[in-house]
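A.B. asks: sequence and predicted model, in that order:
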Amino acid sequence: MNHLIIINARILTPLGTSAIQGKAMGTLFEIPNGTIEVTDGIITYVGENRSSLPEGYSVFDAEGRVVLPGFIDSHTHLVFGGYRPEEFIWRMKGDSYMSIMERGGGIINTVRATRETSLDDLKAKAEWYIDVMSRMGITTVEGKSGYGLDKETELKQLEVMKAINEDPNRKVDISTTFLGAHAVPTEYKGREDAYIDFLIDEMLPLVKEKGLAEHCDIFCEKGVFTVEQSRRLLQAAKERGFGVKIHADEIVSFGGAELAGELQALSADHLLHASDTGIQAMAENHVVATLLPLTAFTLREPYARGREMIDRGCAVALATDLNPGSCCSGSIPLTFALACIYMNLSVEEAITAMTLNGAAAIGRADRIGSIEVGKQGDLVVLDADTPAILPYYTGMNAVRNTIKRGKIIY
Ligand code: NIG
Ligand code: FE
């Protein structure tokens, strides 16, 4: 079984079973030279080194290295067919993300490819990304549907994630999100409300009945779905017991953060153009503000106001947004670097954002996100005695080992 003892670790972790808001994000609990015991995948001891070791455990000597909770990427679109490098090149030449989408490219391009790709091929591709990300310290990842926009393909994407979650040797757990409202499918062009009705009346009950998704998300954006359509879908999803999340204020300031506050969503994500009232609404209603700096970087957009959000009392999480369009990257090292360099988060705040607050953004802060007795033995060992290496190794991997439920997977 997965019985593991890590000794001589510089343990650093946020504490608790809910998101940490505001400046408290910058305070990590520390044991300078300690031990973590994982029994059957669950943490059973965290504290000073002990004089003797129990029998039946593998011993891992961290030799003074930093040990953190496993990283949680709480926003990805990791199940998709095809790629869109040509759009990337067009953008480098001055095209905008939305103008490509308005011309019928963008998300709809990937919808076409995803409809044509088999479940097995989608799964193999998602597993490749998961493998790469686990080597950068990811132990839990959120994954969205949203490249089907029809019954069959939305279910296929969710079934890919289910199949990965059912594999006892999986490296990473996937938290699943139904994003049927990612774009308006060609078949429903000009009938957006009818598409929302279809999602509410047919898809939500089906996805719930099959147990295929924990959360429901929508691309609430000018030219995609309105605030009113988003409210309607997410309210219905909440009533059916889904956690709700919103792609909010990514391209323009649109009222998405305010809506997230009103609905007490688990998270509002992107937020490049979140307004002051939106920031206040998120802080007051305990909505996790999930920031995706890799997307701002690749779209050449200004970064979200992460520093201000924390100073105004928000719980901030960091995630990659891995997807074939706006951000074809799952780079955890670069996410840390951009968050610290351009959004002015401290290293400690960035760690809280990538661990406990990420866990809260997917409704799992009771199980993962910190190094505490009773939580899963999901851990990261850095190749240094200081956490500063995370942003300092700009874009390079500072992770030496990744541990999932007490098993060394990297
Ligand atoms: O989070 N903005 C909407 N969805 C994704 C992009 C999806 C795509 O372009 O394929 C995002 O940026
Ligand atoms: Fe996204």
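C.D. replies: Structure's in. What do you need? Ligands and ions are numbered 1, 2, ... in the order given.
A.B. asks: tell me the residues of the stretch 251-400 of the chain that contact ligand 1?
C.D. replies: 295, 321, 323, 324, 325, 326 (Cβ under 6 Å from any ligand atom). C-beta: built from backbone N, CA, C; applies to glycine.
A.B. asks: roughly how far does residue 278 sit from ligand 1?
C.D. replies: 17 Å (Cβ to the nearest ligand atom, to the nearest Å).
A.B. asks: looks to me like that residue is in a helix.
C.D. replies: Yes - membership of residue 278 in a helix is supported by DSSP: H, G, I helix; E, B strand; the rest coil.
A.B. asks: burial of it, as a residue count?
C.D. replies: Using other Cβ atoms under 10 Å, residue 278 has 26 neighbouring residues.
A.B. asks: re the thing from before, from the residues of the stretch 251-400 of the chain next to ligand 1, which single one is nearest residue 24?
C.D. replies: residue 321 (25.7 Å; Cβ to Cβ).
A.B. asks: how about that closest one: what's its closest non-neighbour residue?
C.D. replies: Leaving aside its sequence neighbours, residue 321 sits nearest to residue 292 (Cβ to Cβ, 6 or more residues apart in numbering; 4.0 Å).
A.B. asks: per-residue pLDDT, that neighbour?
C.D. replies: Looking at residue 292, its pLDDT is 98.
A.B. asks: returning to what we had before: highest neighbour count among the residues of the stretch 251-400 of the chain next to ligand 1?
C.D. replies: Busiest of these [other Cβ under 10 Å] is residue 321, holding 28 neighbours.
A.B. asks: surely it meets residue 331?
C.D. replies: No - Residue 321 lies out of contact with residue 331 (Cβ atoms under 8 Å); the separation is 10.8 Å.
A.B. asks: now for the two: what residues contact both?
C.D. replies: The contact sets of residue 321 and residue 331 overlap at residue 294 (Cβ atoms under 8 Å, 6 or more residues apart in numbering).
A.B. asks: so the closest residue to residue 185 other than its chain neighbours is in which element?
C.D. replies: Nearest in space to residue 185, with sequence neighbours left out and distances taken as Cβ to Cβ, 6+ apart, is residue 149 at 3.8 Å. In this assignment (DSSP states H and E), residue 149 forms part of neither any helix nor any strand.
A.B. asks: picking up where we left off before, state the pair within the residues of the stretch 251-400 of the chain next to ligand 1 that is farthest apart.
C.D. replies: 295 and 324 (12.5 Å).
A.B. asks: ok, residue 78 to ligand 1 distance?
C.D. replies: From residue 78 to ligand 1 the distance is 11 Å (Cβ to the nearest ligand atom).
A.B. asks: residues near that residue, how many?
C.D. replies: 28.
A.B. asks: so what's the backbone phi/psi at it?
C.D. replies: For residue 78, the backbone dihedrals (degrees, to the nearest 10) come out as phi -90, psi 0.
A.B. asks: unless I'm mixing things up, it is touching residue 138, no?
C.D. replies: No - using Cβ under 8 Å, residue 78 is not in contact with residue 138, being 10.6 Å away.
A.B. asks: quick check: neighbours shared by these two?
C.D. replies: Counting by Cβ under 8 Å, 6+ apart, the residues touching both residue 78 and residue 138 are 130, 330.
A.B. asks: from the stretch 201-350 of the chain, which residue is nearest to ligand 1?
C.D. replies: residue 325 (2.2 Å; Cβ to the nearest ligand atom).
A.B. asks: quick one: contacts for that residue?
C.D. replies: 84, 87, 97, 106, 107, 109, 110.
A.B. asks: ok, which pair from these is furthest apart?
C.D. replies: For the contacts of residue 325, and using Cβ to Cβ, no pair is farther apart than 97 and 110, which are 13.2 Å apart.
A.B. asks: out of the two, which sits in the more crowded spot?
C.D. replies: Neighbour comparison, residue 97 and residue 110: the larger count goes to residue 110, with 26 against 21 (by other Cβ under 10 Å).
A.B. asks: any idea how far the residue in the stretch 1-150 of the chain positioned nearest to ligand 1 lies from residue 80?
C.D. replies: Residue of the stretch 1-150 of the chain nearest ligand 1, by Cβ to the nearest ligand atom: residue 107 (4.6 Å). Separation of residue 107 from residue 80 (Cβ to Cβ, to the nearest Å) stands at 10 Å.
A.B. asks: show me where the stretch 251-400 of the chain has helices.
C.D. replies: 256-263, 276-284, 293-299, 306-311, 332-342, 347-354, 356-361, 389-392 (DSSP state H, counting those that start in this stretch).
A.B. asks: stretch 211-224 spans what distance, first to last residue?
C.D. replies: In terms of Cα to Cα, to the nearest Å, the two terminal residues of stretch 211-224 are separated by 27 Å.
A.B. asks: cool, and stretch 301-316?
C.D. replies: 19 Å.
A.B. asks: contact partners for the residue nearest the centre of the chain?
C.D. replies: The centroid of the chain falls nearest to residue 74 when counting by Cα atoms, centre = their mean (1.4 Å). Taking Cβ under 8 Å, 6+ apart, we find residue 74 in contact with 142, 175, 267, 288, 290, 317, 319, 358, 359, 361, 362.
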